[in-house]
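[1] Predicted structure and sequence below. I'll ask about it afterward.
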Amino acid sequence: MNDNRVLTRRGARELSEQEVNAVQGAFQRHTLTPCFIDKKQQLLNGDQTIGECGP
Amino acid sequence: MKFIVLAPEDDNHTAPIKWAMEKAGQKVVCWAGLSWTDEGQSSLLIKDDDTMILGGHSVDPGDVIWVRRPEQPVPNPKVSEADKKFAGLEYRCFYNSIAYFLDTLPVWCINSYSAARVIIQKAVQIQLARKCGLKTPATLMSNHPATVREFFARKDARTICKGFTPHVWQKEGQMSVAITETFELTSGQLPSDEVLTYAPAIYQDRVPKEYDTRMVLMGNQIYSYALKNKKQALDWRQDAGLGHVTAELVPTPPDVEKGVLEFARRSGVCFGSLDFGVDAQGQWWFLEINEQGQFLWIDQFNRDARLLEKFCAFVTAPQGSTLPLEARQDLFPSLAEYEELLKHEQVPPVGKPRQEDPFLSMEA
């Protein structure tokens, strides 16, 4: 990984294409979870929102 | 009374709740947020009788406003390039006036916008939780390398790192992604000082948790669910998506309940999703609150939770009612019924975001 990436990116959980598909498949059952991959919602379906002035 | 939802109609929580409320005979209107389109236009008339119109709907005394997830203001794209920046700022300022002004009207806001804007700040919520008697892990928020290293140098401490916001990085031209997640870090794993200044982060004592708890606050009612993760992962969210997590109703310890209700009173929020870590001694550690966090997924994991019905009972409760929500939850249909209709395409599907996703980046 490049030396100029943020620390949080370094600790991020990597999901392979196969895992992404598995999560998306699971979302056909669990479409409302506070996770971040949701095919129906085109990725984000998280707990936090960006408000007018920031999250 | 009508129920006004500040969110697109096809938001994944708005859609089933609107359906359930209407099935029970309640009047529900949605306003996706301020925009130049007919349905996004708004007016605020301030005189003897203040008047607010949101997309053609008047806000009337006694209305209940659920500030769920309004979209960012959208100026008219046809405005001159020379005026775009100004128009954008004007739209933002007007939206803020609307949202904060709601707090001054004789309506019930879930949540008060001014209270929500303060309490979503993680530093504020951790400090308030501590003041209300809840256990909180020692926390450092910093982009100052020396202070970060000092925090990690504490004897016998195990430390985790997490971001202020969630984020997804998607590889260009690929489906693989990286998702922000809480992770443990040792002093020896800390990167260079330069890297610590690239983005501030939250560093926190690792809670020696046995399991997580998701709590849903609705007024003076609290519902807690133990989230048992077969993988014992530090962060349960992605495993929940894979169905590796169970959600079991658990009693809230009296001291925690007292602390949470005090937290709600002092912060001014009446609704929210709270996360706790529970250690081997049964102590509950406050981790965070998302005042408009997702909660209907618990109904999918635990059909007895009936949070959709409870939420509908909560927002339609007569003023001053002290009845438990369970007493009125049968007035509303369940999420399972909605999902059945969804499966047979008898209700509209949830929608795709219409705006650029603020939590997604592409990377090489």
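    Looks like it arrived, so ask away.
[2] pLDDT below threshold where in chain A?
    Counting by pLDDT under 70, chain A has low-confidence residues at A:1-2, A:22-55.
[3] could you redo the last one with a cut-off of 80?
    Residues of chain A meeting the criterion pLDDT under 80: A:1-3, A:16-55.
[4] next one: the stretch 201-350 of chain B
    Looking at the stretch 201-350 of chain B by pLDDT under 80, you get B:229-244, B:320, B:348-350.
[5] OK, contacts around B:Ala226?
    Contact analysis of B:Ala226 by CB atoms under 8 Å, 6 or more residues apart in numbering or on different chains lists B:211-213, B:246-250, B:278. The way it works is simple: take the backbone N, C-alpha and C, and place the C-beta from them, glycine included.
[6] what sits up against stretch B:86-94?
    By CB under 8 Å, 6+ apart, stretch B:86-94 touches A:52, B:34, B:42, B:73-76, B:79.
[7] Restricting to C-alpha, output it in CSV.
    The C-alpha coordinates for stretch B:86-94 follow below in CSV (Å, rounded to 0.1, in the frame of the first residue of the first chain):
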residue,chain,number,x,y,z
PHE,B,86,-23.7,31.6,-4.0
ALA,B,87,-26.8,29.6,-4.8
GLY,B,88,-25.4,26.5,-3.2
LEU,B,89,-24.6,28.5,0.0
GLU,B,90,-28.1,30.1,0.0
TYR,B,91,-29.7,26.7,-0.3
ARG,B,92,-27.7,25.4,2.6
CYS,B,93,-28.4,28.3,4.8
PHE,B,94,-32.1,28.1,4.0
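[8] Would you indicate which residues of it are buried?
    The neighbour-count check on stretch B:86-94 (16 or more other CB atoms under 10 Å in any protein chain shown) flags B:87, B:91-92 as buried.
[9] what's the average pLDDT for it?
    On average, the pLDDT along stretch B:86-94 is 96.
[10] Endpoints of stretch B:47-65, how far apart?
    22 Å (CA to CA, to the nearest Å).
[11] ok now it, how far from the chain's centre?
    25 Å (CA atoms, centre = their mean, to the nearest Å).
[12] So which residues make contact with that stretch?
    By CB under 8 Å, 6+ apart, stretch B:47-65 touches B:1-4, B:6, B:29, B:31-32, B:38-45, B:98, B:101-102, B:104-110, B:315-316.
[13] And for stretch B:275-286?
    For stretch B:275-286, using CB under 8 Å, 6+ apart, the contacting residues are B:126, B:129-130, B:134-137, B:207-215, B:224, B:226, B:253, B:256, B:259, B:274, B:287-289.
[14] end-to-end on that stretch?
    6 Å.
[15] which parts of that stretch are buried?
    B:275-278, B:283-286.
[16] one step back: mark which of the contacts of stretch B:275-286 are buried, thanks.
    So, by 16+ other CB under 10 Å, the buried ones in these are B:126, B:129-130, B:134-137, B:207, B:209, B:211-215, B:224, B:226, B:256, B:259, B:274, B:287-289.
[17] Narrow these to those in strands?
    Using DSSP state E, B:209, B:211-215, B:224, B:226, B:274, B:287-289 are the members of these that sit in strands.
[18] In JSON lines: those residues, plus distance to B:Val118.
    Output for these, formatted as JSON lines (distance: CB to CB, whole Å):
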{"residue": "B:Lys209", "distance to B:Val118": "27"}
{"residue": "B:Tyr211", "distance to B:Val118": "30"}
{"residue": "B:Asp212", "distance to B:Val118": "25"}
{"residue": "B:Thr213", "distance to B:Val118": "24"}
{"residue": "B:Arg214", "distance to B:Val118": "22"}
{"residue": "B:Met215", "distance to B:Val118": "20"}
{"residue": "B:Ser224", "distance to B:Val118": "24"}
{"residue": "B:Ala226", "distance to B:Val118": "29"}
{"residue": "B:Leu274", "distance to B:Val118": "16"}
{"residue": "B:Leu287", "distance to B:Val118": "18"}
{"residue": "B:Glu288", "distance to B:Val118": "14"}
{"residue": "B:Ile289", "distance to B:Val118": "12"}
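[19] Pull up the residues of the stretch 101-250 of chain B that are close to chain A.
    Listed as neighbours of chain A in the stretch 101-250 of chain B under the rule CB under 8 Å from any CB of the partner chain: B:116-117, B:120, B:161-170, B:174-181, B:183, B:185, B:191-192, B:195-196, B:198-199, B:201, B:235, B:237-238, B:240-243.
[20] Give me the residues contacting stretch B:101-109.
    In this structure, residues lying in contact with stretch B:101-109 by CB under 8 Å, 6+ apart are B:44, B:50, B:52, B:59-65, B:67, B:112-114.
[21] Equivalent analysis for stretch B:111-118, please.
    A:51, A:53, B:67, B:99-100, B:102-103, B:124, B:267-272, B:291-292.
[22] Report the buried members of the residues you listed.
    Buried subset of the contacts of stretch B:111-118 (neighbour count, 16+ other CB under 10 Å): A:51, B:67, B:99, B:102-103, B:267, B:269-272, B:291-292.
[23] now, among these, which is nearest to A:Asn21?
    B:Gln292 (29.0 Å; CB to CB).
[24] looking at it, the closest one is touching B:Arg69, isn't it?
    Yes - between B:Gln292 and B:Arg69 a contact is recorded at 6.2 Å, counting by CB atoms under 8 Å.
[25] So which of the residues of the stretch 101-250 of chain B next to chain A sit within strands?
    Those of those mapping onto strands are B:161-162, B:168-170, B:177-179, B:183, B:185, B:201, per DSSP E.
[26] could I get the residues you listed as JSON lines with distance to B:Asp330 and neighbour count?
    Formatted as JSON lines, these follow (distance: CB to CB, whole Å; neighbours: other CB atoms under 10 Å in any protein chain shown):
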{"residue": "B:Cys161", "distance to B:Asp330": "45", "neighbour count": "23"}
{"residue": "B:Lys162", "distance to B:Asp330": "40", "neighbour count": "21"}
{"residue": "B:Val168", "distance to B:Asp330": "39", "neighbour count": "20"}
{"residue": "B:Trp169", "distance to B:Asp330": "45", "neighbour count": "17"}
{"residue": "B:Gln170", "distance to B:Asp330": "44", "neighbour count": "18"}
{"residue": "B:Val177", "distance to B:Asp330": "42", "neighbour count": "23"}
{"residue": "B:Ala178", "distance to B:Asp330": "44", "neighbour count": "22"}
{"residue": "B:Ile179", "distance to B:Asp330": "39", "neighbour count": "25"}
{"residue": "B:Phe183", "distance to B:Asp330": "44", "neighbour count": "17"}
{"residue": "B:Leu185", "distance to B:Asp330": "49", "neighbour count": "20"}
{"residue": "B:Ala201", "distance to B:Asp330": "46", "neighbour count": "21"}
